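Enquirer: The following comprises the amino acid sequence and a computationally predicted model.
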Amino acid sequence: MISQRVDVLNKLKIAIARRHLSSRDISDEAKYPLEEWIHNQVKKSFKSSSELREILGKRRLDEVTRDDIRGYQIYRLRKQLEYVRANSIYYRTMLKRADIDPKEIRSFEDLTKIPLTEPSEVAKEPFHFLCVSQGKVMRAFTTSGTSGLTKRIFFTRDDILRIIDSISAALKTVGMTENDVLQIMFPTIASWDPGYMLDGACKIAGLHSVIADMLDVDEQIRIMKESGTTMMIGLTSFIYRVTVLAKDKYDLRSLGIKAIILSAEPLSEAMRREIEEAWGCKALSQYGLTEMGLATTVECVAQDGLHVNDADFLVEAINSETLEHVEPRESGELIITSLNYQATPLIRYRTYDLSSLIEPPCACGLKTIGKVGKIKGRLDMMRKIGMGEKIFPMLFDEALLSVSGVVNYVVFIERSGFRDRLRFRVEFIGDKEEGRRKILDAVMNIPEIKTSIESDLLEVPIVEMVDNGSLEFTPKTMSIIDLRNQYN
């Protein structure tokens with residue numbers, strides 16, 4: 001009887017929550033669900049705010065343009081600046097010290113007047129960023145991500161519903177309907193848990209999902225067959241691992257998967273090719289931060305960048321040294337501002353992720369919402385070898401994962417006299433000697449490696465082949481381990 005009451009109560013809560021989701025008003029036949037959802041957010045604010053109408057210089061908003069979205073973002077940024085100044089200990093002090101008047105922020109170029117927020121500050125004093133009483137906090141996430149800094153981020157009920165609403169719109173954009181089943185594949189050994197957030201979002205949004213967080217490949221395939229899985233989302237390296245281990249054992253194309261979303265880690269083109277060839281469908285990248293509620297951007301079928309949820313996030317790309325904006329499609333560090341969150345709103349938050357901004361339109365048909373380019377790496381994961389050549393994990397992903405049979409790898413940077421030395425330990429399935437030769441050829445063709453060897457400051461790399469299962473699979477770990485005592 002008690003369990004029945006709890007079940008009824010949960011169903012009632014879901015029904016009430018669904019009434020707050022505007023994404024449910026978007027039909028499965030909608031051509032561009034995410035863009036339509038963003039336009040609806042802009043129109044809603046336009047209708048209720050005379051300030052936004054003044055910023056846009058319009059009395060009516062029948063059709064939303066790119067300029068309208070930019071104006072909306074400036075409007076929401078001003079509101080957030082006023083909000084955090086009144087409610088956040090950290091931002092009250094920071095804005096006063098920088099002498100920032102929200103009304104003086106009138107354009108995208110004016111953003112550089114506002115100081116950046118460092119992840120280390122959020123990690124050090126999370127409650128100094130909290131803008132609501134603890135009683136209004138519905139959920140708190142603890143994340144260290146790839147930075148190693150443990151950060152605690154808070155979300156109110158309205159924050160969570162907004163995240164769910166945007167997730168629903170994004171899933172519809174990549175082709176998910178109420179007839180599909182989404183298999184959520186974030187391994188249980190992850191220190192953070194986006195899987196349950198996604199599952200809850202699907203339930204509230206009226207979409208079907210199943211959590212499959214086990215490392216066992218046979219169990220993953222069994223669940224796909226029993227659940228009628230038609231789409232997948234999960235940790236990039238995990239889905240890649242499942243693909244490599246399962247492709248010779250199962251006919252993956254026969255399962256009828258129509259799209260795979262790779263999340264929480266960068267997707268190299270070598271990984272994409274392997275996954276798309278095995279499953280016979282598009283492999284799409286998703287980028288987000290726990291600090292921003294996970295759902296920030298998603299790639300479309302054009303596979304030329306990831307569409308930004310422009311209603312909730314204002315994204316910049318800056319030169320990490322000068323802190324000035326870079327040009328569209330020029331590489332820079334992504335800076336993100338959350339425009340609507342209540343509990344832990346973050347202003348000009350440094351991601352340390354390298355990417356670029358891409359202005360619309362997009363070849364997929366979206367005309368008004370912006371994109372970020374493929375994530376190239378993280379500034380805090382960059383290492384230098386030889387004469388200062390910069391290397392990132394993505395550099396080696398593209399080389400090593402282009403060799404069929406590579407399951408996982410780790411590279412150690414060592415010192416050998418006055419030279420650097422790279423030692424690769426590769427988890428491999430197949431002919432190890434043939435694999436070792438192909439891997440070494442691929443590594444030697446990396447320009448940064450060739451230049452360092454030619455300058456006599458890097459030895460020829462060493463490739464060690466190990467059996468499948470020899471390397472422990474741990475999500476979001478650094479694949480480059482620097483063992484040198486001193487380096488630049």
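Expert: All right, it came through fine.
Enquirer: Please spell out which residues along stretch 455-469 are buried.
Expert: 457, 458, 459, 461, 463, 465, 466 (16 or more other C-beta atoms under 10 Å). All C-beta spots, glycine's among them, are computed from the backbone N, C-alpha and C.
Enquirer: same question, stretch 355-368
Expert: Under 16+ other C-beta under 10 Å, the buried positions of stretch 355-368 are 355, 356, 357, 358, 362, 364, 366, 368.
Enquirer: for the buried residues of stretch 455-469, which one is nearest residue 208?
Expert: Taking C-beta to C-beta as the measure, residue 208 sits nearest to residue 466 out of those, at 39.3 Å.
Enquirer: Which of the helices or strands spans the closest one?
Expert: strand 462-467 (DSSP states H and E).
Enquirer: for residue 171, same thing?
Expert: Per DSSP H and E: helix 157-173 holds residue 171.
Enquirer: since we're on the nearest residue to residue 371 once chain neighbours are set aside, how many residues are nearby?
Expert: Nearest residue to residue 371, sequence neighbours excluded (C-beta to C-beta, 6 or more residues apart in numbering): residue 305, at 3.5 Å. The tally of other residues near residue 305 (other C-beta atoms under 10 Å) stands at 23.
Enquirer: what packs against the helix ranked longest in the chain?
Expert: Assignment by DSSP state H gives helix 66-87 as the longest helix of the chain. Applying 3 or more C-beta pairs under 8 Å, 6 or more residues apart in numbering; DSSP states H and E, one finds that helix 66-87 contacts helix 33-48, helix 50-56, helix 89-97, strand 313-318, strand 332-338.
Enquirer: Pick the most deeply packed of the ones you listed.
Expert: strand 332-338 (a mean of 24; mean count of other C-beta atoms under 10 Å).
Enquirer: and that strand, which strands flank it?
Expert: Paired with strand 332-338 in the same sheet, following DSSP bridges, are strand 313-318 (antiparallel), strand 349-355 (antiparallel).
Enquirer: does the residue minimising distance to the centre of the chain have beta-bridge partners, and which?
Expert: Nearest to the mean C-alpha position of the chain, by C-alpha atoms, centre = their mean, lies residue 287 at 1.9 Å. As for beta bridges, residue 287 partners with residue 297 under DSSP bridges.
Enquirer: and it, how far is that from residue 315?
Expert: 10 Å (C-beta to C-beta, to the nearest Å).
Enquirer: list residues touching both of those two?
Expert: 296, 372 (C-beta atoms under 8 Å, 6 or more residues apart in numbering).
Enquirer: picking up where we left off before, tell me the first helix or strand C-terminal of the strand holding residue 466.
Expert: Under the assignment DSSP H and E, the closest C-terminal helix or strand after strand 462-467 is strand 480-482.
Enquirer: Give me the packing partners of that following strand, helices and strands only.
Expert: strand 406-416.
Enquirer: For the strand it packs on, could you pull out the residues that count as buried?
Expert: 406, 407, 408, 409, 410, 411, 412, 413.
Enquirer: what do you get for stretch 159-179?
Expert: 159-176.
Enquirer: what bits of the stretch 301-450 of the chain have low per-residue confidence?
Expert: When residues are selected by pLDDT under 70, none of them lie in the stretch 301-450 of the chain.
Enquirer: hey, where'd the strands end up in it?
Expert: For the stretch 301-450 of the chain, the strands defined by DSSP state E, counting those that start in this stretch occupy 306-308, 313-318, 332-338, 349-355, 357-358, 371-372, 377-378, 383-385, 389-391, 406-416, 419-428.
Enquirer: can you pull the contacts of residue 350?
Expert: Residue 350 touches 116, 117, 118, 119, 333, 335, counting by C-beta under 8 Å, 6+ apart.
Enquirer: If the fifth one is in a bridge, with which residues?
Expert: Put plainly, it is residue 333. residue 318, residue 354.
Enquirer: From residue 480, how far out is the residue nearest to residue 484 when sequence neighbours are not counted?
Expert: With C-beta to C-beta, 6+ apart as the criterion, residue 484 has its nearest non-adjacent residue at 4.7 Å, and that residue is residue 415. Using C-beta to C-beta, we find residue 415 at a distance of 15 Å from residue 480.
Enquirer: Then residue 233?
Expert: Taking C-beta to C-beta, one finds residue 233 at 27 Å from residue 480.
Enquirer: hmm, back to that, does the residue nearest to the centre of the chain touch residue 305 like I think?
Expert: No - here residue 287 does not reach residue 305: they are 10.1 Å apart, not a contact under C-beta atoms under 8 Å.
Enquirer: what do the two both touch?
Expert: Common neighbours of residue 287 and residue 305 (C-beta under 8 Å, 6+ apart) are residue 372.
Enquirer: Now do the buried residues in the helix or strand hosting residue 221.
Expert: Element membership for residue 221 (DSSP H and E) is helix 217-227. Within helix 217-227, the residues scored as buried using 16+ other C-beta under 10 Å are 217, 220, 221, 223, 224.
Enquirer: List the residues that contact the fourth one.
Expert: Which is residue 223. 183, 210, 212, 229.
Enquirer: Farthest-apart pair in those, please.
Expert: 212 and 229 (8.3 Å).
Enquirer: Now the common contact residues for those two.
Expert: What both residue 212 and residue 229 touch, as defined by C-beta under 8 Å, 6+ apart, is the set 183, 223.
Enquirer: about what we covered before: can you verify my assumption that the residue nearest to residue 371 contacts residue 358?
Expert: Yes - counting by C-beta under 8 Å, residue 305 does reach residue 358; the two are 4.4 Å apart.
Enquirer: shared neighbours of those two, which are they?
Expert: 371, 372, 373.
Enquirer: So the closest residue to the last one other than its chain neighbours versus residue 365, what's the distance?
Expert: This points to residue 373. Spatial nearest neighbour of residue 373, excluding adjacent residues (C-beta to C-beta, 6+ apart): residue 356 at 3.9 Å. Distance of residue 356 to residue 365, given as C-beta to C-beta: 21 Å.
Enquirer: Sounds good, over and out.
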